[in-house]
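Asks: The amino acid sequence is not available; the structure is as follows:
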């Protein structure tokens, strides 16, 4: 009581001055006058550890805690200015965020509130990065709320612009800091650190100098630092206005914001996400609500500086400009090979070669009679949100000046991103020669209408191209996988006992409350060999009434990961565990994933169990869920389990239980298939690595055993049962997973291809029809054809996604691929965050615990869903890219002939899929001879007829089996080691 | 408190004699001193407050909102006013609101509110009469006048050159400059109308009548003053037995007096704004 009183009196005893900030918020065409009032205080600390005054009476937060002082008493020193605290102007944040994040420099930085607010208005992503810096303790960034402190607050003057006022506020704060620190060290014999204002605004520097503030430009400051060259490369490039002025041709300007917003609202313009065709960098497509098919955006001028993944606004082109999608493989590398990064401003933005490529396509539209292929085209007139991030790539060697003299001067070079959908990025660097042959991370800064390529700056090198570490990090960065170590805050959430944590022996322990003792059940787990994070275990037994009891036991992760803890937030943001060939990026700390939660054999573990009573025909009589304690009797690999089941001499209860499971799973599977579940295929290969060095040894196609589908069936059953239960309990906020039926148009092309090339029909009016017609697509001479078609059909599907039940109508819940009306993920909480949420919701649904408020919060859950959908997709891509890299490495210095299938036919080449290695690659006509051999491309029949040298005519049709020569080369355009294919012989001559 | 018969007769006689004699010694055209302030409500686009010696007090806030319009020559203005102590939609309130609304609508050119062909500002004038002893019309009108003088409308962001203006007008959603200091004054080329009320006692006309004076008046006359002349007039009941019909001579006399009073008041109010 006494202390409350004192706090109250404290705050009263200090005079508080009120200040006002008035501005107009312009949103959705409305203009709202906003008035913000704030109280000016005198107790906002300077946060320097040198200052005894501020330390005397630091402001307390609501819980009475104070913040530690950030700025070091011994700040870094440079030659010209000695020890100093940095005060960057807003323009420095805009230009040098990568520098500020660099570990080598920029410590003890005072971030003024004024600059922080300005930055937020200019760029939210940069603002978030700066915020992250101020939170991390090691860089010692301190946010000084100068606008809330009486001495540093500035009132706007008559006819002063906001910019001028902000600049004045920055200078004012600098002056205050200088005086304040002088006072702080007075009498101690120490000297106060220099307050160094960093600004690239000439006017601000001039006025600061008049006030006696020490200030300098970014470049001058960085030159004082060690590693100046590397650091200077990381500064954002500014567009060279002088050159732009004399340029005659440029990209079209974007429409004004007002026109874009109005146009989208009126339905004259359309908004969507741009996707660039990976085979043709000049072709993009935008899926737009209201159109069945995506709208095409063709050519550099129409794509108009947009990049893959940007949210763009497009305008339809006139009907006569409609086209059908490209039938050519067009690689940026070939078309733009001779560009010089230094003088880019000459001539037209669109090169003649590009025009030719376009015109050629336009001609084909006229030849083509198939009306449904002509697609509306559009041009990009504005960009709502850039999807720019850092890109990994390598420096284009041909763009680096060869003479040694110019090698160390700043020069422009091209970075070729690994992702083929991203255009070359122009960088200015002083270390071009050193960067050759390295994986380089670069950021895009701007793309002016007068510049053919986006401008960017160097961030850092990851290492040599093709070195394992660099390539692994590259793909983690490319797919935005969070691979940093778990922070201390997260690790603090783990049980203190660590690996010696045990299930309490005493069943009266509070942890046993609400848990069933299932330790006597004959539970076992079946997983891939070497699996450490065992999510699930199973059991089955005969009941006295002749029915069977089947149980699925899932690791009780939600017991260890409580909502709204640091660990929970980290898991939610990672979303999923990422599996690479030689590495696993965990969602949860390894202690939980591979030990405390993992349902290891012979030890007691907490579990969450779904238990069914089934008849011998796998009809479910009863379903129940309970938290439990189990003790797994054995951990099998799929192969071991199969052997044990097949071994007639084993008749123990555990084996019998497994046989029961297998029998029931077959019935369940049949039921699912009858309901119309799809049996889809994706090319799955496995890379065998040497256990010591994890160097790739062998590539093999994954083997599927009956036991795989045993586990899968029961997991599906558990997921479906849980989905129904949590939806019943929480109709608005249940975490579910849906797979929308694919639009019929997605299958049009595949169906047409099958009809023409193979005389087969593909029906897709329901998943049942599709499943049946897929079963019928069998060619006795081509055993692999069916799998190939399934792979291609899978690519026509939409991706399954997590969603919160309140955001969709019940009819949209269905899972198309599984033919289930409702579905969720519940069975792998160690490696998927959605399952953790489902666990918590199920626990609340069975009244084991109360539901945490965050799991009722629909917007918050939606946010979680969005994130995990994205992470899930990226994890898949990263996994595939990792396999691709290792396949390349495994085949290095080997040359093999293998069978392949034609998957796509272009007018100047075709794509071949090689099942043995799960890879696909292009074969260009130009590989058959120079000049490119004449060919006859029949688009209607998906056939390419050409002549190689003097040989007789070769004829290739879609789905043809061919023999190809497989070797690996380092692809020039991406720097990736890729499988290169050469045609040995087509099967049909 | 109603006047006694003696008081009533004394007042009536002294006001109708020529020259008249007002109880507080003012002459016919003289106003009581007012206490005025503008810009008192930060969240409005413009605001003002006037306090009278007799305790009458009025606050007016002006808000501007962006609306879509079908015909660009409409003027969108809404005047609303609460009178403390009276129920909503009392006759007095209706008189006040409708008079001011019509006066502003008739005098305000639509181009001042126009943003694009499709978007326009709509002006909401909201007043509250906290207390009043004499007739509140003049009080409200003067406060509204000041508030409108104080009113500023956010300006469109300067668009880069080369933009196609025709297109913008067709479909563009307006974007406004975030700097409040950039906002334009509504009254750059336009002065708000001023509504003045006079009471008629016999052959005499008085402006700014006190409550007691109104009690003995024959009736009242209001004029709408805009742009240097009287643009409208209306007979107003000042008490229950108020006359509704006046001779042309007394009306023209009243109009003349009100015109001259309005001219002075407008000058005085503009002086408040600029000082």
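Replies: Yes, it's here. Just so we're clear, the structure is a prediction, and the values are computed from it rather than from any experiment.

Asks: Spatially central residue for chain B, please.
Replies: With distances taken as CA atoms, centre = their mean, the residue of chain B nearest its centroid is residue B:141 (2.0 Å).

Asks: which bits of the stretch 51-200 of chain A sit near chain B?
Replies: A:156, A:159, A:161, A:162 (CB under 8 Å from any CB of the partner chain). Where you see a C-beta, it was placed from the backbone N, CA and C, and this is true even at glycine.

Asks: Now list the buried members of the residues you listed.
Replies: By neighbour count, with 16 or more other CB atoms under 10 Å in any protein chain shown, those hold A:156, A:162 as buried.

Asks: Neighbours of residue A:937, how many?
Replies: Neighbours of residue A:937 under the rule other CB atoms under 10 Å in any protein chain shown: 19.

Asks: next one: residue A:109
Replies: As a burial measure, residue A:109 scores 24 neighbours (other CB under 10 Å).

Asks: With residue B:240 instead?
Replies: Using other CB under 10 Å, residue B:240 has 5 neighbouring residues.

Asks: Backbone torsions only: list them for it.
Replies: Dihedral angles phi and psi of residue B:240 (degrees, to the nearest 10) take the values phi -60, psi -40.

Asks: With residue B:52 instead?
Replies: Taking degrees, to the nearest 10 as the convention, residue B:52 sits at phi -100, psi 160.

Asks: The closest residue to residue A:873 other than its chain neighbours in helix, strand or coil?
Replies: Leaving aside its sequence neighbours, residue A:873 sits nearest to residue A:799 (CB to CB, 6 or more residues apart in numbering or on different chains; 6.7 Å). Using DSSP: H, G, I helix; E, B strand; the rest coil, the structure places residue A:799 in coil.

Asks: what sits against residue A:799?
Replies: By CB atoms under 8 Å, 6 or more residues apart in numbering or on different chains, residue A:799 lies in contact with A:739, A:869, A:873.

Asks: swap in residue A:744?
Replies: A:764, A:765.

Asks: what ranges do the helices span in the stretch 251-400 of chain A?
Replies: Counting by DSSP state H, counting those that start in this stretch, the stretch 251-400 of chain A has helices at residues A:257-266, A:299-303, A:332-335, A:352-367.

Asks: comparing those, which gets the lowest mean pLDDT score?
Replies: Of all these, the minimum mean pLDDT falls on helix A:352-367 (a mean of 57).

Asks: for chain B, what are the low-confidence residue spans?
Replies: Within chain B, the stretches with pLDDT under 70 are B:1, B:71-72, B:158-172, B:273-275.

Asks: now for the helix or strand harbouring residue A:24, which elements pack on it?
Replies: Using DSSP states H and E, residue A:24 maps to strand A:17-27. Here strand A:17-27 touches strand A:30-40, going by 3 or more CB pairs under 8 Å, 6 or more residues apart in numbering or on different chains; DSSP states H and E.

Asks: Can you classify the residue nearest to residue B:225 when sequence neighbours are not counted as helix, strand or coil?
Replies: Once flanking residues are discounted, residue B:225 sits nearest to residue B:262: 3.7 Å by CB to CB, 6+ apart. Three-state assignment for residue B:262 (three-state DSSP): helix.

Asks: dump the residue contacts of residue B:262.
Replies: Counting by CB under 8 Å, 6+ apart, residue B:262 touches B:194, B:196, B:223, B:225, B:230.

Asks: Not counting sequence-adjacent ones, nearest residue to residue A:730?
Replies: Closest to residue A:730 by CB to CB, 6+ apart is residue A:841, at 5.9 Å.

Asks: sorry, back to before: from the contacts of residue A:799, which land in helices?
Replies: A:869, A:873 (DSSP state H).

Asks: quick one: which of the contacts of residue A:799 is nearest to residue B:113?
Replies: residue A:869 (46.5 Å; CB to CB).

Asks: if I read this right, that closest one contacts residue A:802, doesn't it?
Replies: Yes: counting by CB atoms under 8 Å, residue A:802 is a contact partner of residue A:869 at 5.6 Å.

Asks: who has more neighbours, these two?
Replies: Legend: neighbour count by other CB under 10 Å for residue A:869 and residue A:802, higher for residue A:802 (25 against 18).

Asks: Can you give me the buried ones in the helix or strand where residue A:708 lies?
Replies: If you go by DSSP H and E, residue A:708 is part of helix A:706-729. Neighbour-count burial for helix A:706-729, with 16+ other CB under 10 Å as criterion, is recorded at A:707-711, A:713-727, A:729.

Asks: now stretch A:908-923
Replies: Residues of stretch A:908-923 classed as buried: A:908-915, A:917-923 (neighbour count, 16+ other CB under 10 Å).

Asks: ok, for residue B:16, nearest residue in space, not its chain neighbours?
Replies: In space, and not counting its chain neighbours, residue B:16 is closest to residue B:202: 3.3 Å by CB to CB, 6+ apart.

Asks: give the contact list for the one you found.
Replies: Contacts of residue B:202 (CB under 8 Å, 6+ apart): B:15, B:16, B:218.

Asks: just those now: which is nearest residue A:831?
Replies: Checking the contacts of residue B:202 against residue A:831 with CB to CB, the nearest one is residue B:218 at 92.6 Å.

Asks: is it true that the closest one touches residue B:243?
Replies: Yes: counting by CB under 8 Å, residue B:243 is a contact partner of residue B:218 at 4.6 Å.

Asks: Now the common contact residues for those two.
Replies: Common neighbours of residue B:218 and residue B:243, counting by CB under 8 Å, 6+ apart, are residue B:200.

Asks: hang on, the earlier thing: so which of the buried residues of stretch A:908-923 belong to strands?
Replies: A:909, A:910, A:911, A:912, A:913, A:914, A:919, A:920, A:921, A:922, A:923 (DSSP state E).
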